[in-house]
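Peer 1: Below: sequence and its predicted model.
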Amino acid sequence: MPVIKDAVCSLCGSLCDDITVTVEDNKITKIENACILGHSKFVGMFEHDRIETPMIRKDGELVPVSYEEAIGAAAKILVNSRRTLSYGWCSTSCEAISKAIQLAEETGSLIDSTANVCHGPSALAAQEKGAPGASLGVIKNRADVIVFWGCNPVHAHPRHMSRYSSFSKGLFSTKGRKGRKMVVIDVRKTDTAKLADRYVEIEQGSDLLLITALRSAVNGHEDVIPQTVAGVSKEEVLELAETLKNAQFSCVFFGMGVTQSRSKYKNGDGVSSLISDLNQHSKAVMIGMRGHYNVTGFGQVATWETGFPMAIDFARGFPYYNPGETGANDVLVREEADAAIISAADAGAHFPQKAVRHLAKIPVIQIDPYANPTTELADVVIPAAVVGIEAEGTAYRMDAIPLRMKKLIDTEFKTDEQIAKDLIAKVRELKGGA
Amino acid sequence: MQAVKLSLKKANKIPIEADTVSPDNFAGKTKEEIEAILAWYGNGQCPLGDFFTVEVEGSDSTENTKIVFDGDVSRVKRIGQGMSAGEIEINGNVDMHCGFGMKGGKITINGDADSWLGCEMKGGEIILNGNASYYVGSGYRGESCGMRGGKITVNGNAKDYLGEHMCGGEILVTGNVGLLPAISNNGGTIVIEGNATMPASEMKNGTVIIKGEVSDMLPSYKEDGTEEVEGVTYRKFVGDVNASGKGVLLVK
Amino acid sequence: MSEILIKNANLCDPIQGINCENMDICIRDGKIVESVSENAEIIDAGGRLTMAGGFDGHTHSAGKINVGRFINPNDARRKLVPGLSGPEKRTEKTRAQVGYNTPNTYAIGYRYAKLGYTTICEAAIPMLAARHTHEEFKEIPILDKMGLSLFGSNWQVMEYIRDKEPEKLAAYVAWGLKASRGYGVKIVNAGGGEAWGWGKNVNGLYDPVPNFDVTPAEILMGLVEANEKLQLPHSVHVHCNNLGKPGNYETTIETMKMFEKVKPTVDRQSLHVTHVQFNAYAGTSWRDFETGAPMVSDYLNSANHLTFDLGQVIFGPAVTMTADGPVEYANSRLLHEKWSNQDIELEDASGVVPLSYSPKSFINAVQWAIGLELALLVEDPWKIMFTTDSPNGGSFVNYPEAFTYLMSAKKREQVISGFGQMALDRMVLPGIDRELSFYELAIMTRSMQSKMYSRPEKGNLKVGSDADIAIYDIIPGDIDPSVEHEKVKQAFSGAAYTLKDGKVVVKDGQIEATPMGRTYWVNAKVPADIDSAMQKDTDIKFKKYYTVSKSNYMVEDSYLPNPVEISTEGVF
């Protein structure tokens, strides 16, 4: 029986690449090294609600059809649309993302990733101030101060702390956790916070106040800091600033608690400035704790192919970018989109009600291995192979390191990449015929 | 004098991109010529006549051309983009990017304006008799300079990031503003008669006056006595210290 | 079989010693041949200037440039150079385009081709992220590509040098090139990337790297020994220490001198020093900053073991991007600009900072002059590669503008007339009246690259060479570039024809076809016993320090859709 070593886990942005997978009769029978989340993805594939066949909604019911028929129906929707939203493409390979972008370009659509509802503000922050980061191994080998701000890796990225951060050991961090200070900043005492040397509890939505106070402290302007900031005493702000300044190498890992709280991208912008200020004293970097395993990849591919990382509007034939105007939620809430193609994401479950209500009114094409609330809204459903298990391809870790995901078992399902290619071909055929 | 009246035939959801609608582009043109001007609508272009009933009186230069939108154009973007002279009056709500990069002339909006009103404006005047959304007088994504000149008056409230990256010109808001007005600005004057939250973050230069309540004052300003403006005494703050800023923030 | 006959070409091909002579060029199946049949398709060059396709041997066009795009969405809409920048709609033949300094991948391919360029070399591949470089290569149409892998702050490299293990070092370099599918050895601020791991830098050639007990000089000498042991087609490609600092010209000359004793094992230079403009600064601070180009040029005129490229500055917005992490951080603080940083575990650092060069800034004016001084004071054009270190000194789409600076003293005077007295006092350019010929320009933009990268089929139109050809709308005998510099710029901005492997890809400045180019990489053979001893050491590195598995480190074949493997035999 084949044992596949060093498989890449396609669950979260940690993209652990040391998974050992045993395959028997084209079934995964054993998983080693994965965390509980990754494990459930590898083996749970068969327990999940898999979409078994392409379907088209007829008289209100989804009825099974061939791939060809589903792709034909989907292409027809795209060709007849004036403003298609293409959304998702983060739990898939870069190769599929590339084709999805081409499809959006050829159909004058708008394409956006799940960053729209998670780390999109991190991109906006980087566009204000840049993103001073490092690969995760740099943290592993060097960091003596690690800050988790608005994130909870114990639950969201279970192996992060052992492989890359708090507990990892490296050339200059031989003592692992013992040689490190771990700080958690959050609005509630999470399970990650329980492991920290210092837990700083801040008032909801006041991240930017604390970031600004830390900057003032680091830059020698203690006098402007009031006695309490963001629910934190001045004394504690100054202590935290000292901890960071006196570190040999510090890293701030930030999550959606930072990017999606009040003042959103200005928080990331502030963290970036704080990192720059800290480097006047000691080495410091920041890394976003990206959720979907290849949301970073979407940003990379979209940026080299269109110039922009997300929220790209091809209406005029060239890419235009303006989150707030061209984001997936922006055009759904405003009821602009007259068709939608949703892949490897669940807009039905994660979008605000108003956006979902609009999705229910327009033709929706779903490309996904699994049924989810979006399926209930879909008019054409195209099942796909699970990337990283049934299909190979590239994914980018949260620190922008690209890895090759392996194909572990065979499948009859088409890959996202192939489906996107088929759609491009069909759209061309329909347009050519018109 | 040339007067052009545009009345939307039917309310639209997909925005009409009206960057071709400005006195510069309409001056001296007949009704038929204006009707034939193309505007983007989703992924295709249509003549303005498809969307609007166009009435034209007279024919004149750009300075002497006035465009009136009769009624709601809350899904018509970029009206008056780059205009250099003349006048636009909008009697209803207007969509994003109204007056984007305008250099001169005047836009009056009797209704609410969506985001990016007067974005990257260089000159001229915008008077909004209604509420504004996000990013009044700001810059495009990634730019370090937003509004550079001219004046925007909001007779109502405005949402977040008012005057972001502003480098010059004037913004007056008679009502309240949302989060982070005057963020990263580097010149110009912003007067807010109502309330504001976290004003003037990372201001390098410029003047911000807030006559109402300030919530969540950022811990990056040095208090520096008082200053009197038009007979009213304000507490004076200087900063942002983290941007080595010389901006002046005057607070009640 | 496809055949083309280019009639009446005014050929400028320095490798063959042909200086603007009218002749016919025969092409069969993508190669230059002696003759073609009567059925050959005919292109009438009409006596216009014809050269081999341009070869940009140092450009940031895949990988790190993506960070530049990412943090500067405002660059996408910049239309500073008509026809070669800003948003352009998709067409039947081309993908949508955006950008100026950091264009999307498609625009990079199309726009280089419009300039008559057909080959580029990406200046920096971080090995751990090499897949990324190749993923972007796949989406750059038309051009042939190669990339240089970063070794200058690599732990394994420094340890082998410290422990005096030259054979294992060579084996590691060979393996690294194979893993990253690189073409050559790039060294950026030797040792500085590791120092930047602690927020520090190395200061000059003899400042030891923290914790590794080696100096930048030892890293350079160790890597050049490995480079020559492996008989690599390119020499080591060095970004000197102290880049961007007033007074750094001394370090630059010292570095160049160190390589005098190196004996190259391949018929090429033993050292390439890159973007020397940034490393030819005199003075002791930005206050008394002045040109160091005369000193550097004097040395270069006396030396025959090296080549260099300019890193010419173009006024206007640019984006700096380099593995020199500490320099980028310093830039961002000095200029109050956005700062991106990406340190790569065990390997190197990097940073990206946008900026703008203004003729009103005396520093920028002097930087602009230094590039040109180097090009004009160094007598032998075979030592000089023309670059802007795109987009560090400015975007490659400005090459035609820059060519006019080289070819016309009048054009230079025009620019210089806008400088203040302080700038004029710190440069020597106003006193230089040399004007380059088309022949010299051809050397700097394609021919010297052929030798420098040991690609005999590139940069010339000998029989057997690749039929990569640019025809520019200039009749050399009828034009005085010194006076008619606008015409020269116009002609170089949109080739009348660009042929790639014998296929017309550009006609009248417009894209005609977008074939997929090749990717060159080097597979250097190493004795099995040395290789396996080295592998044992790297196994430990992966097990203990890297965060990816060794088996996932190697770039797979599927990332190179059109690979050309250059095999070399190591001398051990």
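Peer 2: Done, it's in. Remember, it's a predicted structure, so these values are computed and weren't measured experimentally.

Peer 1: Just say helix, strand or coil for residue C:277.
Peer 2: helix (DSSP: H, G, I helix; E, B strand; the rest coil).

Peer 1: Return the per-residue confidence for it.
Peer 2: For residue C:277, the model assigns a pLDDT of 98.

Peer 1: just residue A:45 next, same as before
Peer 2: You'll see residue A:45 listed with a pLDDT of 66.

Peer 1: With the one 10 residues further on instead?
Peer 2: As predicted, residue A:55 sits at a pLDDT of 98.

Peer 1: Kindly report the same for residue A:1.
Peer 2: 66.

Peer 1: Report the beta-bridge partners for residue C:500.
Peer 2: Beta-bridge partners recorded for residue C:500 (DSSP bridges): residue C:503.

Peer 1: So it is in contact with residue C:52, correct?
Peer 2: No. Look at residue C:500 against residue C:52 with Cβ atoms under 8 Å: they stay out of range, at 11.4 Å. Placement of C-beta: from N, CA and C, glycine included.

Peer 1: what residues are shared contacts of these two?
Peer 2: Common contacts of residue C:500 and residue C:52 (Cβ atoms under 8 Å, 6 or more residues apart in numbering or on different chains): residue C:468.

Peer 1: Now for the nearest residue to residue C:186 once chain neighbours are set aside, how many residues are close by?
Peer 2: Excluding its sequence neighbours, the residue lying closest to residue C:186 (Cβ to Cβ, 6 or more residues apart in numbering or on different chains) is residue C:148, at 3.7 Å. When neighbours are defined as other Cβ atoms under 10 Å in any protein chain shown, residue C:148 has 26 of them.

Peer 1: hang on, the earlier thing: so for residue C:500 and residue C:52, which sits in the more crowded spot?
Peer 2: Set residue C:500 next to residue C:52 and count neighbours by other Cβ under 10 Å: residue C:52 wins out with 33 against 27.

Peer 1: Can you pull the phi/psi pair for that one?
Peer 2: phi -60, psi 160 (degrees, to the nearest 10).

Peer 1: For residue C:473, see how far away it is.
Peer 2: 17 Å (Cβ to Cβ, to the nearest Å).

Peer 1: any weak-confidence spans in chain C?
Peer 2: Across chain C, nothing is flagged by pLDDT under 70.

Peer 1: Not counting its neighbours along the chain, what's nearest residue B:139?
Peer 2: Nearest to residue B:139 is residue B:146, by Cβ to Cβ, 6+ apart, at 3.4 Å.

Peer 1: I should have written residue A:91 there, sorry.
Peer 2: residue A:344 (4.0 Å).

Peer 1: so the one you found touches residue A:366, yeah?
Peer 2: No. Between residue A:344 and residue A:366 no contact is recorded; they are 9.6 Å apart, counting by Cβ under 8 Å.

Peer 1: So if I had to pick from the two, which one is more boxed in?
Peer 2: Per other Cβ under 10 Å, whichever of residue A:344 and residue A:366 has more neighbours is residue A:366, with 32 against 28.

Peer 1: my read: residue B:125 touches residue B:149, true?
Peer 2: No. If you go by Cβ under 8 Å, residue B:125 and residue B:149 don't touch, sitting 10.5 Å apart.

Peer 1: which residues of the stretch 1-150 of chain A fall in helices?
Peer 2: Counting by DSSP state H, counting those that start in this stretch, the stretch 1-150 of chain A has helices at residues A:36-44, A:67-80, A:94-107, A:120-129, A:136-142.

Peer 1: Those helices: which one's closest to chain B?
Peer 2: helix A:120-129 (4.3 Å; Cβ to the nearest Cβ).

Peer 1: Just the residues contacting that closest one, thanks.
Peer 2: For helix A:120-129, contacts defined as Cβ under 8 Å, 6+ apart pick out A:115, A:131, A:254, A:259-260, A:264-269, A:271-273, A:276, A:288, A:299, A:309-311, A:323, A:327, B:141-142, B:184, C:70-73, C:338-340.

Peer 1: Show the buried residues in the residues you listed.
Peer 2: A:115, A:131, A:254, A:259-260, A:264-269, A:271-273, A:276, A:288, A:299, A:309-311, A:323, A:327, B:141-142, B:184, C:70-73, C:338-340 (16 or more other Cβ atoms under 10 Å in any protein chain shown).

Peer 1: Near the residue in the stretch 151-300 of chain C positioned nearest to chain B, how many other residues are there?
Peer 2: Distances between the stretch 151-300 of chain C and chain B by Cβ to the nearest Cβ are smallest at residue C:286, namely 17.8 Å. When counting by other Cβ under 10 Å, one arrives at 12 neighbours for residue C:286.
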